[in-house]
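Enquirer: Okay, sequence plus prediction incoming.
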Amino acid sequence: MLMKISRALARLPGVMSHAWGLVLITGVVVGAMALWLLDPIALQSLRLAQFDQFQRWHLRPYTPVAVRVVDIDEAALKAYGQWPWPRSRVAELVERLHASGAATIAFDVLLVEPDGTAPAAMAQRWQAPQLASVLSQLPDPDLALANSMARRPVVLGSNLLRVATPVGSPDAPQMPYRVISTGAGKAIDWLARFDGAVWPLPVLLASASGVGALNTAPDNDGVLRRVPLLLRQGAQTVPSLSAEALRVAQGASNYAVRSQVDGVQDVRIGSVTVPTNAQGEMWLHYTADQPERFISAQKVLNGTAAVQQLQGHIVLVGSSAAGLMDLRTNPMGNAMPGVLAHALALEQMVSGYSLQRPAWAPALEALVLTLGTLVVGSVALAAPARWAALVMAVALASVGAGSWLAFIKGQLLLDAVNPALAMALAFGLASGYHLWVTERQQRWLRTAFSRYVSPNRVAHLVAHPEQLHLGGQRQVCSFVFTDLVGFTPMMESRDPAQVVSLLNDYLEAMLVIVFKYEGTLDRFVGDAMVVLFSAPVEQLDHRQRALDCALEMDAFATAYAVRMQATGLAWGLTRIGVHTGEVIVGNFGGKALFDYRALGDPINTAARLETVNKHLGTRVCVSQAILDGCVGFDVRAVGRLLLKGKSQPLQVFTPNATLEGPACASPEEYAAALRLLKPGPAQDAPAARVQFEALALRYPHDPLLALHLKRLREGATDDLIVMADK
């Protein structure tokens with residue numbers, strides 16, 4: 001049997017299953033790589049969400065640098081009126097900032113229209129020609145602001161547009177800087193492209209030291225994570241407000257842009273080199289709120305601002321007032337004034353701090369995605385679930401920890417979410433496939449082993465693998481023993497191949513009956529079978545099952561013998577013994593190989609009952625212990641059998657169904673005669689002999705009548721039958 005099971009295992013459908021599993025994992029890798037190349041908005045959002053979470057967990061430590069925001073806040077608006085202020089007020093702000101020693105003054109507000117409070121504008125609004133000459137004598141606020149800006153480091157803001165420049169807008173100014181491009185490719189081709197622009201008033205531009213775009217680079221979700229250093233407007237390169245403020249503060253004349261075939265690498269502004277992404281943008285690393293960054297414009301205008309807060313600083317003039325609508329969303333999910341983005345960019349540039357997503361990051365992520373998916377998927381295909389889950393957990397932890405360490409130690413932004421999702425998808429699909437294959441293999445194993453081991457035993461072991469150990473337990477079971485009469489002589493006289501084929505048909509049909517009543521095949525012994533009930537699964541009605549099974553087996557075996565004999569084959573009848581009792585049931589043998597069976601005297605008794613059929617002339621012998629657990633049985637008593645080697649007799653019966661017919665006495669006639677042999681007041685051996693003599697004359701082929709008549713003639717006085725042979 002062991003060799004048969006080994007051959008069955010060798011045919012286990014696993015090789016092709018693993019091959020298809022590898023195809024599945026390869027498909028996941030290819031699909032994940034395709035998504036990585038396409039980079040849809042959903043994946044971008046997941047990647048950016050990870051970067052945002054890192055910022056929430058690890059804000060940039062704030063180090064004071066020479067950057068300040070002069071805030072047109074609610075207090076300033078309350079003190080000096082709503083925005084826009086008269087240009088004379090703005091000019092006063094410039095003069096006070098310059099007097100405080102500001103290194104650069106950069107306006108994060110647009111000054112694109114003439115002052116509405118200018119004398120000429122008022123004269124036109126009032127439609128008073130008589131006042132025109134008087135008003136024309138008053139100073140022009142725009143010119144006053146231009147004069148305040150003259151020869152002072154002031155940077156004005158512009159707004160780049162995706163559409164063409166509106167009609168009537170000032171022409172693009174002559175830029176006070178040069179952009180020098182080095183490296184492979186044209187840097188301008190990689191910059192964010194705009195088709196139009198709104199420029200400051202020409203009179204103000206003429207006095208400004210620089211002009212920078214106020215544009216930022218919010219993502220599709222509206223969160224501001226990057227600030228561009230350079231942008232493209234038509235055919236010219238335009239710096240951002242923060243980049244231009246840094247250039248003017250250093251007195252530099254040029255921007256040096258280094259690019260490669262895959263985009264911009266960095267931008268050098270004076271003595272400061274700023275790493276960027278391919279589009280010339282720098283990533284912002286936010287800090288906790290720092291009130292000292294901001295100085296209210298009210299304090300500057302009323303002279304209460306401390307000089308040391310402004311001296312030598314790059315000053316950005318912007319607004320945090322909600323009514324001016326210059327608000328952005330940061331990665332923490334909070335609204336912030338737009339000017340803060342330029343302030344953060346300047347802080348990082350001045351301090352030399354850079355948060356980068358390097359050009360090699362996508363390639364590394366693709367490698368991690370590919371290898372991680374292959375490893376996790378392959379392990380999930382082949383390894384037990386606990387090991388596969390452990391590998392999955394280690395892989396995810398490694399990717400997450402690596403990305404986190406790169407962020408906090410190297411200020412690098414590496415995507416861990418998309419590789420992790422690919423690995424999780426591979427793990428899920430591979431685990432599901434592995435589970436499907438395992439269940440398929442278990443079904444195959446149950447089917448295969450059921451050909452060698454009883455199906456209910458296989459099902460029980462699959463459900464309770466912990467019981468696969470040596471040892472047994474006491475349990476009351478019922479047993480059915482069968483034996484085919486004359487099989488050995490038949491094998492010697494006929495073609496063995498033919499006889500074996502017929503035997504297999506016979507045994508298969510007998511097994512179908514056994515499994516119908518959920519019996520457990522204990523073993524085959526040549527043409528004999530040993531069947532037990534109530535093990536491994538306890539059956540409360542095991543006696544009834546054993547009796548019903550034995551009767552159906554007898555009916556089939558008798559009919560099969562008749563069919564075979566009709567073909568000229570001397571196929572014998574089947575003898576059956578049925579008994580029950582307490583035995584030890586379990587696995588017996590050694591550590592290398594053990595067998596599931598029952599051990600105990602009831603098994604030997606059942607075997608003896610099968611054997612005594614040849615002495616009694618019956619086909620089926622059933623003990624009283626079996627009948628005690630059955631209902632609706634139709635049997636006739638054989639008598640009390642004292643088996644060889646036993647000290648106590650056993651009440652034995654045979655089913656009437658096996659003796660019915662004109663050749664046998666009726667159950668009533670037989671029972672009346674046997675009562676005269678049973679110990680008790682009615683016992684009368686001479687009278688019994690008379691009745692058995694009479695019945696034997698009428699039914700000469702009744703085996704039980706012949707048995708008892710012979711005993712009576714030999715001097716027996718009761719129904720005790722002593723068996724001299726086993």
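Expert: Perfect, I can see it now.
Enquirer: how many neighbours does the closest residue in space to residue 305 that isn't next to it in sequence have?
Expert: For residue 305, ignoring the flanking residues on the chain, the nearest one in space by CB to CB, 6 or more residues apart in numbering is residue 299 at 4.1 Å. Any C-beta I mention is one placed from the backbone N, CA and C, and that applies to glycine too. Neighbours of residue 299 under the rule other CB atoms under 10 Å: 18.
Enquirer: The one 3 residues further on too?
Expert: For residue 302, the number of neighbouring residues by other CB under 10 Å comes to 13.
Enquirer: ok, back up a step: my read is the residue nearest to residue 305 is in a helix, agree?
Expert: Yes. Counting by DSSP: H, G, I helix; E, B strand; the rest coil, residue 299 is located in a helix.
Enquirer: For residue 245, see how far away it is.
Expert: When distance is defined by CB to CB, to the nearest Å, residue 299 is 21 Å away from residue 245.
Enquirer: Using the three-state scheme, assign residue 524.
Expert: Residue 524 falls in the strand class when you classify it by three-state DSSP.
Enquirer: Tell me the bridge partners for it.
Expert: With DSSP bridges applied, the residues forming beta bridges to residue 524 are residue 529.
Enquirer: Hmm, residue 507 and it touching each other?
Expert: Yes. Under the contact definition of CB atoms under 8 Å, residue 524 touches residue 507, with a separation of 7.1 Å.
Enquirer: more neighbours, the two?
Expert: Taking residue 524 and residue 507 together and counting by other CB under 10 Å, residue 507 has the greater number of neighbours (17 against 12).
Enquirer: C-alpha coordinates for stretch 364-372, CSV please?
Expert: These are the backbone C-alpha positions of stretch 364-372, laid out as CSV (Å, rounded to 0.1, in the frame of the first residue of the first chain):
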residue,chain,number,x,y,z
LEU,A,364,14.6,52.3,-7.9
GLU,A,365,10.8,52.1,-7.2
ALA,A,366,10.3,50.1,-10.3
LEU,A,367,13.1,47.7,-9.3
VAL,A,368,11.6,47.3,-5.8
LEU,A,369,8.2,46.8,-7.2
THR,A,370,9.4,44.1,-9.6
LEU,A,371,11.6,42.2,-7.3
GLY,A,372,9.3,42.6,-4.3
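Enquirer: contacting residues around that stretch?
Expert: Stretch 364-372 is contacted from outside by 29, 32-33, 36, 395, 399, 414-415, 418-419, 422-423, using CB atoms under 8 Å, 6 or more residues apart in numbering.
Enquirer: what's the farthest-apart pair in those?
Expert: In the contacts of stretch 364-372, the most distant members under the criterion CB to CB are 29 and 414, with 19.4 Å between them.
Enquirer: Which one's more surrounded, these two?
Expert: Between residue 29 and residue 414, counted using other CB under 10 Å, residue 414 has the larger neighbour count: 25 against 19.
Enquirer: how much space between the residue nearest to residue 305 and residue 314?
Expert: The span separating residue 299 from residue 314 equals 18 Å under the rule CB to CB.
Enquirer: again, but for residue 114
Expert: Residue 114 sits 28 Å away from residue 314 when distances are taken as CB to CB.
Enquirer: When those two are compared, which one has more neighbours?
Expert: More neighbours surround residue 314 than the other of residue 114 and residue 314, with 28 against 15 (other CB under 10 Å).
Enquirer: Show me what that one is bridged to.
Expert: Once the bridges are assigned, which here means DSSP bridges, residue 314 pairs with residue 67, residue 104.
Enquirer: next one: residue 477
Expert: With DSSP bridges as the criterion, the beta-bridge partners of residue 477 are residue 581.
Enquirer: number of nearby residues for it?
Expert: One way to gauge burial is a neighbour count; for residue 477, by other CB under 10 Å, it gives 27.
Enquirer: ok, it touching residue 536?
Expert: No. Shown here, residue 477 and residue 536 do not form a contact pair, counting by CB under 8 Å, at 10.2 Å.
Enquirer: hey, what's in contact with both of the two?
Expert: Joint contacts of residue 477 and residue 536 (CB under 8 Å, 6+ apart) are residue 585.
Enquirer: for the stretch 301-450 of the chain, what are the low-confidence residue spans?
Expert: For the stretch 301-450 of the chain, applying pLDDT under 70 flags the ranges 441-450.
Enquirer: let me fix that: the chain
Expert: 1-18, 118-138, 168-169, 441-471, 589-595, 726.
Enquirer: And the residue nearest the centre of it?
Expert: Centre of the chain computed as the mean C-alpha position; nearest residue by CA atoms, centre = their mean is residue 428, 3.8 Å away.
Enquirer: how much space between that one and residue 115?
Expert: Shown here: residue 428 relative to residue 115, a distance of 65 Å by CB to CB.
Enquirer: and if you look at residue 583?
Expert: 111 Å.
Enquirer: With residue 146 instead?
Expert: Per CB to CB, residue 146 is found 11 Å from residue 115.
Enquirer: Neighbour count for those two, which is higher?
Expert: When neighbours are counted by other CB under 10 Å, residue 115 comes out ahead of the other of residue 146 and residue 115, with 24 against 21.
Enquirer: I figured that one hits residue 86, correct?
Expert: Yes. Under the contact definition of CB under 8 Å, residue 115 touches residue 86, with a separation of 6.0 Å.
Enquirer: what do these two both touch?
Expert: Shared between the contact lists of residue 115 and residue 86 (criterion: CB under 8 Å, 6+ apart) are residues residue 141.
Enquirer: and stretch 53-61, how far apart are its ends?
Expert: Terminal residues of stretch 53-61 are spaced 16 Å apart (CA to CA, to the nearest Å).
Enquirer: and that stretch, which residues are buried?
Expert: 54-55, 60 (16 or more other CB atoms under 10 Å).
Enquirer: Same check on stretch 218-229?
Expert: Using 16+ other CB under 10 Å as the test for burial, stretch 218-229 gives 223-229.
Enquirer: Stretch 537-555 too?
Expert: The neighbour-count check on stretch 537-555 (16+ other CB under 10 Å) flags 539, 542-554 as buried.
Enquirer: Please apply the same query to stretch 682-698.
Expert: Going by neighbour count (16+ other CB under 10 Å), the buried part of stretch 682-698 is 688-689, 691-692, 695-696.
Enquirer: which other residues reach that stretch?
Expert: Taking CB under 8 Å, 6+ apart as the rule, stretch 682-698 contacts 665, 669-670, 672-677, 702, 705-706, 708-709, 712-713, 716-718.
Enquirer: List buried residues within these.
Expert: Of all the contacts of stretch 682-698 considered here, the ones buried according to neighbour count by 16+ other CB under 10 Å are 665, 669-670, 673-677, 702, 705-706, 708-709, 712, 716, 718.
Enquirer: Stretch 271-287: end-to-end distance?
Expert: Using CA to CA, the end-to-end distance of stretch 271-287 comes out at 25 Å.
Enquirer: Now find how far off-centre it is within its chain.
Expert: When distances are taken as CA atoms, centre = their mean, to the nearest Å, stretch 271-287 is centred 38 Å away from the chain's centroid.
Enquirer: For it, which residues meet the burial criterion?
Expert: Neighbour-count burial for stretch 271-287, with 16+ other CB under 10 Å as criterion, is recorded at 272, 274-277, 279-287.
Enquirer: Quickly note the distance from residue 324 to residue 318.
Expert: The gap separating residue 324 from residue 318 is 9 Å, by CB to CB.
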